[in-house]
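Visitor: just to be clear, the model below is a prediction. Sequence and coordinates:
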Amino acid sequence: MAHDNKPLTRRRLLRTGAGITAAGVLAGCTGGGGDDPTDTSGGGGTATPQPGGSLSIGQAKSGVHFDPIRQMSVPALLVANRMYSSIYTYGEGTDLEPQIATELPEVSDDGTRWSFDVREDAYFQNGDQVTPEDVAYSIEQPVVEETQLAADFNMVNSVSVDGQTITIDLDFPYAVFQHSLTQNVVPKSVREETKTDVGWTEGYVGSGPFELVEFREGEHAQLASWSDYWGKAPNLSEVEFVPIPEPTTRLTSFQNDEVGVIQDIPPKLWGTIEGMNDATIFERPAISYFYGSFNCNEGPTTDPEVRRAVDLAFSMDDAVSNFVEPAGVR
C-alpha cells in the first residue's frame, strides 16, 4: 500500500505502550498540524476531517484473529479497535467515555448492578442497526462459549434488555468491571451464522470507522475507511498494519519511510529515537502488565522454597531497569 499522507511529512510518530491508547496513535497521524496525537480535527485546526491518504504502522507482532468474543492479542486489538466500536472507550488516560453507550453507567451502591442506554444511531458495516441485543450478546457470549475472555465477564449473573436500556447484575462487586465494558460489540446474527468451532475467523463485520480489506497473518492487515461510518469520519482512507518483530528492523523501516508509525520501543533504542529530529515518542498510561508465573500444581516450583530461590537468583529492579524502563515501572 502506498505511503502517501501529507500531514505526516511534518511529524512522524512512534508509539510505545499497548492497548488503551491505540486510537490516539491513529488519530494523531491523521491530524493536520497539531502536536497532539489524539487530535482528529483535520488540517489547520479546523473541526472538519480531511479524508484521504494512507498510513503504514509497524507492529511488534502479527494478530491471529479479530473475534472480540475470544481474547485477542495486543497486535490484534490495535487492528480490531479500528474495525469495531466498543460499549465504552478510553479518554486521555484510563477514564471511560461512551461509544455505543449514550452515557456513563449507573452503578448501584453495592456495585452489583450496572445500567446504561444504547445509542440508536450506530450501525454495522452491513447496514444493520447496532441493537441492545447485540451489546448483551457481546457481554454474555465469552462465558457461554467459555473463551479466554470469560474471566472478564464470569461474575455477570444476568443481562436484561428493556428498550434501549441494558441492566447487568453481578454475582458480587467487581472493582474493575468498568474496564470489562470496553468490550467491542459484534453483530449477533452475522457472527452466529459465520462462526466455526474455533470462533469467528472470517467475514468480520464491525461498526467502527474502518473495514478489513485483507488479512494475511505474519504479513499485513489492510483496512479501508468505511464511507458510511455513523461517527466522526476518519481522516485516513487506508491503514496498513505490518508486523516487524525485530526491534532494530522496525526502527530501520521507520527511518527509511517504509512505515510512518512504529509500536513498542525497546529501552536500548529510546535514546536513539529521542535524538532524531523528525520523530516524536508519544507515551500514555496503560493498564497492561507483564509478569512471570510459577506452576504451583506440579513440578519443582510447587515448593515455596524453590520459588523463593528463583526470586532471589536475580534482581527484579535490574531487570526492569535494563528491559522495561522508561516504557514501564515495577
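Guide: Yep, it's here.
Visitor: low-confidence stretches in the stretch 51-200 of the chain?
Guide: Along the stretch 51-200 of the chain, the model assigns pLDDT under 70 to residues 51.
Visitor: do you have the helices of it handy? List them.
Guide: Using DSSP state H, counting those that start in this stretch, the helices assigned to the stretch 51-200 of the chain run over residues 74-83, 132-144, 177-180, 188-194.
Visitor: dump those helices to JSON lines, plus distance to V261 and mean neighbour count.
Guide: For every residue, glycine as well, the C-beta is placed using N, CA and C. Shown next, in JSON lines, are the helices of the stretch 51-200 of the chain (distance: least, Cβ to Cβ, whole Å; neighbours: other Cβ atoms under 10 Å):
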{"stretch": "helix 74-83", "distance to V261": "10", "mean neighbour count": "23"}
{"stretch": "helix 132-144", "distance to V261": "29", "mean neighbour count": "20"}
{"stretch": "helix 177-180", "distance to V261": "25", "mean neighbour count": "18"}
{"stretch": "helix 188-194", "distance to V261": "30", "mean neighbour count": "16"}
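Visitor: from S315, how far out is G199?
Guide: Computed as Cβ to Cβ, to the nearest Å, the G199 to S315 distance reads 41 Å.
Visitor: looking at the two, which one has more neighbours?
Guide: Between G199 and S315, counted using other Cβ atoms under 10 Å, G199 has the larger neighbour count: 14 against 10.
Visitor: contacts only, for that one.
Guide: H65, D67, I69, R70, E145, T147 (Cβ atoms under 8 Å, 6 or more residues apart in numbering).
Visitor: from those residues, list the buried ones, please.
Guide: Taking 16 or more other Cβ atoms under 10 Å as the criterion, what is buried in these is H65, D67, I69, R70, T147.
Visitor: just the closest of those residues to D162, please.
Guide: I69 (23.8 Å; Cβ to Cβ).
Visitor: look up how far F124 lies from the closest residue to that closest one other than its chain neighbours.
Guide: Among residues not flanking I69 along the chain, Q141 sits closest, at 4.8 Å (Cβ to Cβ, 6 or more residues apart in numbering). Remark: distance between Q141 and F124 (Cβ to Cβ) = 16 Å.
Visitor: ok, D317 next?
Guide: From D317 to F124 the distance is 49 Å (Cβ to Cβ).
Visitor: how about R250?
Guide: Taking Cβ to Cβ, one finds R250 at 34 Å from F124.
Visitor: do P304 as well
Guide: With Cβ to Cβ as the criterion, P304 and F124 are 52 Å apart.
Visitor: go on, A175?
Guide: Between A175 and F124 the distance is 32 Å, computed by Cβ to Cβ.
Visitor: out of the two, which sits in the busier spot?
Guide: F124 (23 against 7).
Visitor: doesn't P187 make contact with the more buried one?
Guide: Yes: counting by Cβ atoms under 8 Å, P187 is a contact partner of F124 at 4.8 Å.
Visitor: which neighbours do those two have in common?
Guide: V130, V205, S207.
Visitor: per-residue pLDDT, the last one?
Guide: With respect to pLDDT, S207 scores 97.
Visitor: hang on, isn't it packed against W230?
Guide: Yes: S207 is within contact range of W230, at 7.3 Å (criterion: Cβ under 8 Å).
Visitor: neighbour count: those two, which is higher?
Guide: A side-by-side neighbour count of S207 and W230, using other Cβ under 10 Å, places S207 first with 27 against 17.
Visitor: ok, so of the buried ones among the contacts of G199, who is nearest W114?
Guide: I69 (19.7 Å).
Visitor: gap between the closest one and G203?
Guide: 14 Å.
Visitor: can I get the shared contacts of F124 and P187 in TSV including distance to S225?
Guide: Formatted as TSV, the shared contacts of F124 and P187 follow (distance: Cβ to Cβ, whole Å):
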residue	distance to S225
V130	19
V205	16
S207	14
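Visitor: between those residues, which is closest to P243?
Guide: V205 (23.9 Å).
Visitor: okay, now that closest one: neighbour count?
Guide: 20.
Visitor: from memory R119 sits against A101, does it?
Guide: Yes: using Cβ under 8 Å, R119 is in contact with A101, at 7.1 Å.
Visitor: between those two, what contacts are shared?
Guide: Residues touching both R119 and A101 by Cβ under 8 Å, 6+ apart: none at all.
Visitor: of those two, who's got more company?
Guide: Neighbour count, other Cβ under 10 Å: between R119 and A101, A101 has more, with 24 against 17.
Visitor: excluding chain neighbours, give the residue nearest to the more buried one in space.
Guide: Using Cβ to Cβ, 6+ apart, the closest residue to A101 is F116 (4.4 Å).
Visitor: if that neighbour is in a bridge, with which residues?
Guide: Beta-bridge pairing for F116 (DSSP bridges): I166.
Visitor: and the strands in this protein?
Guide: Taking DSSP state E, the strands of the chain run over residues 12-15, 54-59, 88-90, 96-98, 106-107, 113-117, 156-162, 165-170, 210-216, 220-225, 238-243, 261-263, 279-282.
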